[in-house]
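A.B. asks: I would like to see how this sequence folds:
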Amino acid sequence: MLNVPIQYLFIAILNGDKYHILNFFRLNIFIVTMTIWTPTLDNTRAKYKALASAIAEAIKTGSLKPGEKLPPQRRLADALNVTIGTVTRGYLEAERQGLLEARVGSGTYVKNTGKPHSGFRAPAANADAVDMMAAFAPPGPQLEMLQRAMQGLAQDHDRLARIIDYAPELGHQEHRLRFAHWLDGEPVVMAGCNFLFTQGGQHGISVSLNALCREGDAVVTDALVFPGILAAAQNRGVKVHPVEMDEQGMVPDKLAHILAYHSPKLLYLTPNHQNPTCRQMPLARREQIVALCRQHKVMILEDDVQFVARSQKPPSLQQLAPDITLYVSSFSKRFSGAMRLGFVVVPECLFDTLRLSLRASSWTGAPLPLEWFCTWFEEGEVKALDNWLAMEMQARHRLAQEYLGTFLAATDDIDSSFNLYLPLPDGWLGHEFVEKAAKAGALVRNSDEYRVGPRPPEPAIRLCLSRPANNTELVKGLAVIRRLLEEGPELREAAL
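C.D. replies: Below is the predicted model:
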């Protein structure tokens with residue numbers, strides 16, 4: 001920026017084919033010199049991917065610095081001689097890699113860390129902040145369950161000797177038979193189907209995606225979705241097409257359009273407790289979705305990892321269409337993250353395909369968690385844990401209603417779930433609320449962290465009622481959220 005004194009300011013106005021020079025008064029002006037970051041794109045790759053790679057390289061070399069604002073998409077598109085859509089996709093790709101962050105109404109910025117991340121980031125918080133970001137099972141009987149199981153196994157030399165070595169590829173037959181008895185009480189149909197053990201729900205998603213999709217294929221998801229499916233798709237080179245949602249979940253008419261024009265291989269859904277919106281898809285909507293998938297010959301990947309009491313679950317998509325549905329679930333959410341035990345129920349015709357994908361990713365699973373789980377099931381402890389979780393979460397939902405009731409949207413009474421979705425009142429931006437909440441003592445998620453496409457969602461937060469260690473901590477966090485909602489957002493400076 002240069003402060004340059006000049007005698008006169010001249011403005012040339014083009015009128016037809018003649019210039020008219022207007023002579024103005026004597027003054028000093030600031031001449032602002034501006035440049036636009038313009039990378040050289042690799043012509044051997046898709047242009048949006050080349051742009052994302054150029055952004056990554058510029059951050060690595062320091063040409064783009066943490067916190068720096070990127071050029072507006074239209075200006076960069078003009079400079080690169082590409083479409084705005086290409087720049088939008090390139091920015092989105094870099095954002096998914098954790099390099100950029102989009103700020104609603106402000107633009108796109110280089111992240112302060114400058115490093116890729118998992119899709120979630122923790123805002124700056126005070127040391128005593130209540131963590132309500134991750135959907136973990138609340139602490140209860142799990143420690144005693146694990147202690148009894150470990151002591152019992154340690155005292156049974158023969159049983160310990162049977163499982164100390166590598167397990168067969170599909171697991172010990174004894175474990176498969178015992179686990180199949182537990183599946184009889186789960187919302188799945190096993191006739192014409194089989195199951196595979198995985199190391200948690202995310203592993204099940206990745207195994208399924210790798211088995212059914214090739215690079216360049218497409219999958220369909222909700223417009224707001226669990227970032228794990230996006231990570232798996234990106235790793236596989238699979239395109240993701242978002243579908244609009246309403247209060248009942250994915251909109252069938254919008255889905256029909258996507259299925260007809262993009263011919264995806266797979267539809268991913270979390271119908272029992274959509275993550276992050278916490279909506280439950282009613283039976284009639286599920287039947288519509290299944291009918292569309294049959295019509296367009298699209299497989300369904302149903303994610304039922306999030307905890308919901310069995311009594312509050314409608315028939316699953318897998319129960320409605322076992323021949324075209326892969327059902328993924330996990331015991332990790334119900335017990336703890338230390339129990340990396342998941343499973344996939346698949347149509348028999350796809351069993352070998354999934355088996356090969358599983359073999360490529362892990363070869364075989366660990367028999368110890370399976371032995372403990374089967375013991376807990378047979379001794380009634382799994383059912384007791386589920387009952388305890390349902391009652392505990394119902395009590396926590398009552399606290400949430402007490403503190404946040406006037407701000408909560410209408411729900412469908414899924415009061416056993418771990419999460420709560422809170423649309424923000426007018427005036428709030430999601431990232432602003434999250435940052436203020438962190439400084440005030442409560443860590444929550446911004447709905448924007450779950451979006452698939454470039455269009456930002458309505459401002460909202462997801463908070464996990466299950467994460468605080470006890471009700472005292474939960475109330476502390478809820479009180480912070482309520483106070484911020486009551487105070488409202490700070491007045492922003494007018495934009496001229």
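
A.B. asks: what's opposite the spatially closest residue to P264 that is not a sequence neighbour in the beta bridge?
C.D. replies: Spatial nearest neighbour of P264, chain neighbours left out: A218 (4.1 Å); criterion: Cβ to Cβ, 6 or more residues apart in numbering. Any C-beta I mention is one placed from the backbone N, CA and C, and that applies to glycine too. When bridges are called by DSSP bridges, A218 pairs up with K239.

A.B. asks: you'd agree A218 is up against L259?
C.D. replies: No: look at A218 against L259 with Cβ atoms under 8 Å: they stay out of range, at 10.0 Å.

A.B. asks: those two - which one has more neighbours?
C.D. replies: Neighbours per residue (other Cβ atoms under 10 Å) separate A218 from L259, with L259 holding more: 21 against 18.

A.B. asks: what residues of stretch 423-438 count as buried?
C.D. replies: The neighbour-count check on stretch 423-438 (16 or more other Cβ atoms under 10 Å) flags L424, W428, L429, G430, H431, E432, F433, V434, K436, A437, A438 as buried.

A.B. asks: pretty sure G237 contacts A218?
C.D. replies: No: using Cβ under 8 Å, G237 is not in contact with A218, being 10.9 Å away.

A.B. asks: so S362 touches L196, yeah?
C.D. replies: No: the pair S362 and L196 fails to qualify as a contact (Cβ under 8 Å) at a distance of 10.4 Å.

A.B. asks: and those two? Which one has more around it.
C.D. replies: The residue with more neighbours, out of S362 and L196, is L196; 24 against 15, by other Cβ under 10 Å.

A.B. asks: help me confirm that the more buried one is found in a helix?
C.D. replies: No: according to DSSP: H, G, I helix; E, B strand; the rest coil, L196 belongs to no helix; its state is strand.

A.B. asks: ignoring the adjacent residues along the chain, who's closest to it?
C.D. replies: Nearest one to L196, counting by Cβ to Cβ, 6+ apart, is V344 at 5.1 Å.

A.B. asks: which residues does the one you found contact?
C.D. replies: Going by Cβ atoms under 8 Å, 6 or more residues apart in numbering, V344 touches F195, L196, T198, G204, V207, S208, L326, Y327, V328, L354.

A.B. asks: kindly indicate which of those residues lies nearest L404.
C.D. replies: V328 (31.0 Å; Cβ to Cβ).

A.B. asks: the closest one pairs with what?
C.D. replies: Legend: beta-bridge partners of V328 under DSSP bridges are D303, V344.

A.B. asks: hmm, E302 and it touching each other?
C.D. replies: Yes: taking contacts as Cβ under 8 Å, V328 lies within contact range of E302: 6.8 Å.

A.B. asks: domain-wise, how is this protein divided?
C.D. replies: The chain breaks down into these structural domains: 2-31, 47-110, 130-136+383-487, 145-378 (assignment by automatic domain parsing).

A.B. asks: how long is the longest one from one end to the other?
C.D. replies: Using Cα to Cα, to the nearest Å, the gap from the first to the last residue of domain 145-378 comes to 13 Å.
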